[in-house]
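Enquirer: following is a predicted model, sequence given first.
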Amino acid sequence: MPSKPGAKVCRLGARPSRQKGVAVLLISVVFLFLLTVVAMNSSKGAISEQASSGLHYKYHQAFEAAYGGHDYAMAWLSNPNNTKGIPWTTAPGGGGAVWVADASVAPYDQVNTTSIASQTIGAFSVAITLRRDSAKPTVIALAATATGDATATVSSIAGEVSIFKGSTVSPLVVKGAISNINGHPSIEGTGVLVTSSAKPADIVLDNLKNVSGGTVQVQSNAFTGSAWNYLFAISKAEMAQLANLQPGGATAGPIYYYKDVAEVPNNFPSDIGTPTDPIILIFDISSGDCPKINGNNVTIYGLVYCGTGGDMVGWGNAKIYGSLIVDAPLTSFSANAAFKWETNASTTASYGVAKVAKLVGSWRDF
């Protein structure tokens, strides 16, 4: 039916359209809110992960610094100049003592926090603490603690291990035969004066005079393998490392370690070693003859090791109080050198040199 003029027209679909728009807007707002919440949580997670990563990095740096301090302390303990001094051996309470009575950490009753100075490694300060049982003074509990943006401690138990296999050394030790002694060398002492890996028939000592009187007592077939392994309980590489740890380097003493003939002072014109502080002189030369030690009555207190060559021509009037160790047959000796047993220099305990080794299973990091 046609509408009358002036009559109002009602559009049935108008209100539902407006309601639909409101619903869409509401859903959009809720969806936006949810997206915002998800984004905030994701951002918070990323920040947390970044913070955790940064914290882990700082702890890693702290552990690296503690490891470095621990290695430094092990090297310090391996240097005999550090651990045979009077402060080190003085009982707690004595003048200049570095050990203090402290039984707070069982089973130890002494602590030392002063001998090894704190180290600065990167942004961290690393403090070294040593503990020991006075009944076992060569076994040391070592802790290196790094502090800075994070804190970490590395610890282990270390013990001194003698570098020698035996308690005494003969004045002359040779791997293989001994022959052609044409000069006037002499040997002095009692008991076994010559030790060799050769059989008796290959050891000819016709011109080697025992100034103590009597014949020269020889221990033949004494060892197999090298003279080095007969005498030392550590490898040449380990001995070289001990020498390098000395203040002044590998040839500063009490270990003098030479690997190149060019490094050897010409004819060793100066005396080295003393009766109370014998030295270890090592010629770890891979070829040629052992460097000559001669001059006007040069005197050496200690052990002289020659890694190669049996030509001892031109050694002059050198005197060795201790031992000459030759890791090859001694096939020519025209010198007037003298080899003498000496109470300290011929006794391995007199050298005060020890390798410091970590005890298996004692390593801790936390």
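Expert: Nice, thanks for sending it over.
Enquirer: in the stretch 251-366 of the chain, which spans are strands?
Expert: Remark: strands assigned in the stretch 251-366 of the chain by DSSP state E, counting those that start in this stretch are 255-258, 279-283, 299-306, 319-326, 338-340, 354-358, 364-365.
Enquirer: now those as JSON lines including mean neighbour count?
Expert: The C-beta positions use only the backbone N, C-alpha and C, and glycine is treated the same way. Shown next, in JSON lines, are the strands of the stretch 251-366 of the chain (neighbours: other C-beta atoms under 10 Å):
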{"stretch": "strand 255-258", "mean neighbour count": "22"}
{"stretch": "strand 279-283", "mean neighbour count": "24"}
{"stretch": "strand 299-306", "mean neighbour count": "24"}
{"stretch": "strand 319-326", "mean neighbour count": "24"}
{"stretch": "strand 338-340", "mean neighbour count": "21"}
{"stretch": "strand 354-358", "mean neighbour count": "17"}
{"stretch": "strand 364-365", "mean neighbour count": "12"}
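Enquirer: out of the ones you listed, which comes closest to residue 69?
Expert: Between residue 69 and the strands of the stretch 251-366 of the chain, the shortest gap by C-beta to C-beta is with strand 364-365, which sits at 11.9 Å.
Enquirer: ok, and the closest non-adjacent residue to the residue sitting nearest the centre point of the chain?
Expert: In the chain, the centroid-proximal residue (C-alpha atoms, centre = their mean) is residue 75; its distance is 4.6 Å. Once flanking residues are discounted, residue 75 sits nearest to residue 245: 5.2 Å by C-beta to C-beta, 6 or more residues apart in numbering.
Enquirer: of all the strands of the stretch 251-366 of the chain, which one is nearest residue 145?
Expert: Taking C-beta to C-beta, strand 364-365 is the member of those nearest to residue 145, at 11.0 Å.
Enquirer: and the residue nearest to the centre of the chain, how far from residue 242?
Expert: Distance, residue 75 to residue 242, using C-beta to C-beta, to the nearest Å: 9 Å.
Enquirer: do the same with residue 103
Expert: According to C-beta to C-beta, residue 103 stands 33 Å off from residue 242.
Enquirer: out of the two, which sits in the busier spot?
Expert: It is residue 242, of residue 103 and residue 242, that has more neighbours when counted by other C-beta atoms under 10 Å, with 23 against 12.
Enquirer: just confirm the more buried one is within a strand.
Expert: No: judged by DSSP: H, G, I helix; E, B strand; the rest coil, residue 242 forms no part of a strand; its state is helix.
Enquirer: pretty sure residue 148 contacts residue 64?
Expert: No: Residue 148 is not in contact with residue 64 according to C-beta atoms under 8 Å; the separation is 11.3 Å.
Enquirer: what residues are shared contacts of the two?
Expert: Contact criterion C-beta atoms under 8 Å, 6 or more residues apart in numbering; residues shared by residue 148 and residue 64: residue 122.
Enquirer: please parse this structure into its domains.
Expert: 75-163+354-365, 172-346 (automatic domain parsing).
Enquirer: just the ones you listed: most buried one?
Expert: With neighbours taken as mean count of other C-beta atoms under 10 Å, those reach their highest mean count in domain 172-346, at a mean of 18.
Enquirer: any idea of the mean pLDDT for it?
Expert: Taken as a whole, domain 172-346 carries a mean pLDDT of 85.
Enquirer: what about it, how long is it end to end?
Expert: When the termini of domain 172-346 are compared using C-alpha to C-alpha, to the nearest Å, they are 11 Å apart.
Enquirer: again with stretch 227-245
Expert: By C-alpha to C-alpha, the extent of stretch 227-245 from end to end equals 24 Å.
Enquirer: same check on stretch 123-143?
Expert: End-to-end distance for stretch 123-143: 19 Å, by C-alpha to C-alpha.
Enquirer: re the thing from before, in CSV: the domains of the chain, plus distance to residue 36.
Expert: Formatted as CSV, the domains of the chain follow (distance: least, C-beta to C-beta, whole Å):
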stretch, distance to residue 36
domain 75-163+354-365, 34
domain 172-346, 63
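Enquirer: nearest to residue 24 among the ones you listed would be which one?
Expert: domain 75-163+354-365 (52.6 Å).
Enquirer: that'll do, ta.
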